[in-house]
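**Q** Model the structure of this input:
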Amino acid sequence: MAERLSIGIDIGGTRVKAGVVDPDGRVLERLSRATPTTSPMAVLDAIAEIVATLRRRHHVTSVGIGAAGFVDATQSTVLFSPHLAWRHEPLRDAVRRRTGLSVLVDNDANAAAWAEWRFGAAQNEEDMICLTLGTGIGGSLVIDGRPHRGRFGIAGEFGHMIVVPGGRPCECGNHGCLEQYASGNALIRDARAAVDRGEEYGKRLLERVDGDVEELNGLVVSELAREGDEDATRSLHEVGAWLGVGIANLAAAFDPGLFVVGGGVSDADDLLLEPARDAFRHTLTGRGFRPEALIVRAHLGNDAGMIGAADMARTVRRRARRGRRRRPLTEGSLARLSGRRA
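**A** The predicted structure follows:
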């Protein structure tokens, strides 16, 4: 079993989360660091330090990285990250040189979707879409039981679908992207605006963070909403409604059987998902005349990205080792193969 342990690393806009994962998707140990967003080298240093720390206590053979950005089709290079400083960053090879381990890089939402399909909410579902709501919105498709990355590896960037032309500016450079209305950033923007206006809601939020507005996040809003705060509930409902509109658009395009919603914002559970389901039912093309996909909360929570990245890396390494064990073709073996085909 120890020979098959893998490290999964989930690099988000605010935190780098890592864990040692076994073949059954169990996380044996976790580490977390603040994401250094200003320097690709600083992110690489953080990854190398995390891997070195975990290797002291576990015999691991591979590293899987889920990165918040556009990852190329070879699963090696981060082409662009709206929330980080990566631009055509050869992350796989850089980490391989620093660690000496087999490394795979994929989009963080692809990693989370793979984990939910393998071990979580989407087991036995051939066609599913996963949405991860955190600092932004990540997305991934599994079609016929296989991750769908698109021709250039960038499929699933649903957070950057434009839903309000000319709307709020987005870190990607466009305006009106879905993630500006249905993500943790949308909750934080609403919360800080309430503080700036001196509203009672803003004062209640500040009490939760000891007056430090920089500590306001989606979790604080969710906690207040679960306690019955009407303004926090309204904010979550608005985000959920936008999410439902986005899901309806995706259903029109891909017609999956299941939508899995994960990421930190999904901790609000039905306070977020019920308004999303309502908006989905009211927006879905052909509503009333077609089957409707289910919208469920992810089962693996914040661990999904690291579990999926680790499992992807383990799978790729296993395939590579099988390939190396194949004996080279000789003239005799070629003759035998030719004879069979004949």
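**Q** Using the three-state scheme, assign the residue nearest the centre of the chain.
**A** Closest to where the C-alpha atoms of the chain average out (C-alpha atoms, centre = their mean) is Ala109, at 2.5 Å. On the three-state scheme (DSSP: H, G, I helix; E, B strand; the rest coil), Ala109 is labelled helix.
**Q** Excluding chain neighbours, what is closest to Lys203?
**A** Val195 (7.8 Å; C-beta to C-beta, 6 or more residues apart in numbering). Where you see a C-beta, it was placed from the backbone N, CA and C, and this is true even at glycine.
**Q** whoops, I mixed them up, Arg98
**A** In space, Arg98 is closest to Ala48, 4.3 Å off (C-beta to C-beta, 6+ apart).
**Q** next helix or strand past the helix or strand hosting that neighbour?
**A** Applying DSSP states H and E as the criterion places Ala48 in helix 40-55. Per DSSP H and E, helix 40-55 leads on to strand 60-67 as the next helix or strand towards the C-terminus.
**Q** Which other helices and strands does that next one contact?
**A** Applying 3 or more C-beta pairs under 8 Å, 6 or more residues apart in numbering; DSSP states H and E, one finds that strand 60-67 contacts strand 5-11, helix 40-55, helix 91-99, strand 102-107, helix 108-119, helix 304-325.
**Q** redo that, cut-off 10 Å
**A** strand 5-11, strand 15-21, helix 40-55, helix 91-99, strand 102-107, helix 108-119, helix 304-325 (3 or more C-beta pairs under 10 Å, 6 or more residues apart in numbering; DSSP states H and E).
**Q** Which strands and helices lie in contact with the helix or strand that that strand is followed by?
**A** Later in the chain than strand 60-67, the nearest helix or strand by DSSP H and E is strand 70-71. Packing partners of strand 70-71 (3+ C-beta pairs under 10 Å, 6+ apart): strand 78-80, strand 102-107, helix 108-119.
**Q** now the helices for the stretch 151-300 of the chain?
**A** Assigned by DSSP state H, counting those that start in this stretch, the stretch 151-300 of the chain shows helices spanning 184-196, 200-208, 218-226, 230-254, 270-283.
**Q** okay, the ones you listed in a markdown table with distance to Arg290 and mean neighbour count next?
**A** Shown next, in a markdown table, are the helices of the stretch 151-300 of the chain (distance: least, C-beta to C-beta, whole Å; neighbours: other C-beta atoms under 10 Å):
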| stretch | distance to Arg290 | mean neighbour count |
| --- | --- | --- |
| helix 184-196 | 29 | 20 |
| helix 200-208 | 39 | 17 |
| helix 218-226 | 32 | 21 |
| helix 230-254 | 9 | 21 |
| helix 270-283 | 11 | 19 |
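**Q** closest to Gly305 out of those helices?
**A** helix 184-196 (14.7 Å; C-beta to C-beta).
**Q** Can you give the distance from that closest one to the centre of its chain?
**A** Distance of helix 184-196 from the chain centroid (C-alpha atoms, centre = their mean, to the nearest Å) equals 23 Å.
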